[in-house]
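structure, please.
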Amino acid sequence: MNQFVGKRYTLCEKLGNGQFGSVYKGKHYKNNTEVAIKLENTQSTIQLLRHETTILKYLYERDTRNIPAVYWYGTHDKYTCLAMTLYECSLYDYIFAKTELPTSKIHSVMNQLINILHSVHDNCVIHRDIKPHNIMVKRGELYLIDFGFSTIFIDGDGEHIPDDCCEDIIGSPKYVSYNVHSGSMASRRDDLISLGYIYLFLHERQLPWENIEDDNSITDDYTETSIYHYKNVLRLEMKELPNLSFTSNNQDAILQNYLKYVYTLKYEELPNYNALTHMFHL
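Reported below is the predicted structural model:
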């Protein structure tokens, strides 16, 4: 592949592979400004970059910050390309680079992410793929990325899109909400439930349903994104609120109160974001 993209960026090292493409570090040929460049094969059966670019521009024009800025979008060779903000690392990598994360830091993470989601939701967008890998760190501040699965939840008449049965999971099965596992469409509550699972991950560095082993004795005709796949059936059971174990210590009580609130939100209900951030003010 030609290493000069969009007549302005030089491709440098590869940063990673996503589900539907690759990400590289790039440099502007004139001022050496570093960017992240997503590449998506134009022949891929699933095309997300154009949609992601549209959502990012829409949000940015409406003053949502702590999301990637779009510097350039176009095609190069057989790839659709998106040049955007480059970050230091993901929250997932940040966690495992630390021997321990103080509770005050975890609460700061939660406050920042609730505020970011508040701004995104206020502009009628839900993310639908909240997980530590899609949260980036730069100079101690957090940013939400990967809006390829995001969607507008208000229709042309200004009404909330009605719930419907969804048998295929949109997002990452480890982090999608209990409701999504149950076959419901995602809404604002489900981004917040996924954030609750992140809180659990930050404390434990793994999720209770993290390592469900393959079971060769099960004949499963469903894909791994189907709500009927045996791993997702197990995740559904483990994500039921009564099955989430809590102790009496203060941190588990905070998580319990948070999850109780977001689990009981109705599909179209407007969350009380201020009350949620208040839970993490110690």
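
tell me which helix or strand the residue most central in space within the chain sits in.
The C-alpha lying nearest the average C-alpha coordinate of the chain belongs to residue 130 (C-alpha atoms, centre = their mean; 2.4 Å). Using DSSP states H and E, residue 130 sits in no helix or strand.

ok, how many other residues are close to the closest residue to it other than its chain neighbours?
Counting by C-beta to C-beta, 6 or more residues apart in numbering, residue 194 is the residue found nearest to residue 130 once chain neighbours are left out, at 3.7 Å. C-beta here means a position set from N, CA and C on the backbone, and glycine is covered the same way. By the measure other C-beta atoms under 10 Å, the count of residues near residue 194 is 26.

list the residues that contact residue 194.
130-131, 171, 175-177 (C-beta atoms under 8 Å, 6 or more residues apart in numbering).

can we see that at 6 Å?
Counting by C-beta atoms under 6 Å, 6 or more residues apart in numbering, residue 194 touches 130, 175, 177.

that older thread, residues touching the residue nearest to the centre of the chain, list them.
By C-beta under 6 Å, 6+ apart, residue 130 lies in contact with 191, 194-195.

out of those residues, who's nearest residue 279?
Nearest to residue 279 out of the contacts of residue 130 is residue 195 (C-beta to C-beta; 11.7 Å).

mind checking how far the closest one is from residue 122?
Shown here: residue 195 relative to residue 122, a distance of 16 Å by C-beta to C-beta, to the nearest Å.

out of the two, which sits in the busier spot?
The residue with more neighbours, out of residue 195 and residue 122, is residue 195; 25 against 15, by other C-beta under 10 Å.

please, which helix or strand holds the more buried one?
Taking DSSP H and E as the criterion, residue 195 maps to helix 188-204.

mind listing what's buried along that helix?
When burial is assessed from 16 or more other C-beta atoms under 10 Å, helix 188-204 yields the following buried residues: 188-202.

could you point out which element follows it?
Once the chain leaves helix 188-204, the next helix or strand it forms, by DSSP H and E, is helix 230-238.

what helices and strands are in contact with that next one?
Here helix 230-238 touches helix 178-181, going by 3 or more C-beta pairs under 6 Å, 6 or more residues apart in numbering; DSSP states H and E.

CA atoms of the helix it packs on as CSV?
Listed next in CSV are the C-alpha coordinates belonging to helix 178-181 (Å, rounded to 0.1, in the frame of the first residue of the first chain):
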residue,chain,number,x,y,z
TYR,A,178,-28.4,-7.3,30.6
ASN,A,179,-31.3,-5.8,28.5
VAL,A,180,-29.4,-6.3,25.2
HIS,A,181,-28.7,-9.9,26.2
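
give me the helices and strands touching the one helix or strand residue 104 maps to, please.
When elements are defined using DSSP H and E, residue 104 is found to belong to helix 103-122. Helices and strands touching helix 103-122, as assessed by 3+ C-beta pairs under 6 Å, 6+ apart, comprise helix 188-204, helix 273-279.

quick one: mean pLDDT for the shortest one?
Same thing as helix 273-279. In this model, helix 273-279 carries a mean pLDDT of 96.

which residues of the stretch 1-150 of the chain score low on pLDDT?
Judged by pLDDT under 70, the stretch 1-150 of the chain has its weakly predicted residues at 1-2, 19.

ok, 80 please
1-3, 18-20, 99 (pLDDT under 80).

where do the strands sit along it?
Counting by DSSP state E, counting those that start in this stretch, one finds strands in the stretch 1-150 of the chain at the ranges 4-5, 9-17, 22-28, 34-41, 70-76, 79-84, 89-90, 125-126, 135-138, 141-144.
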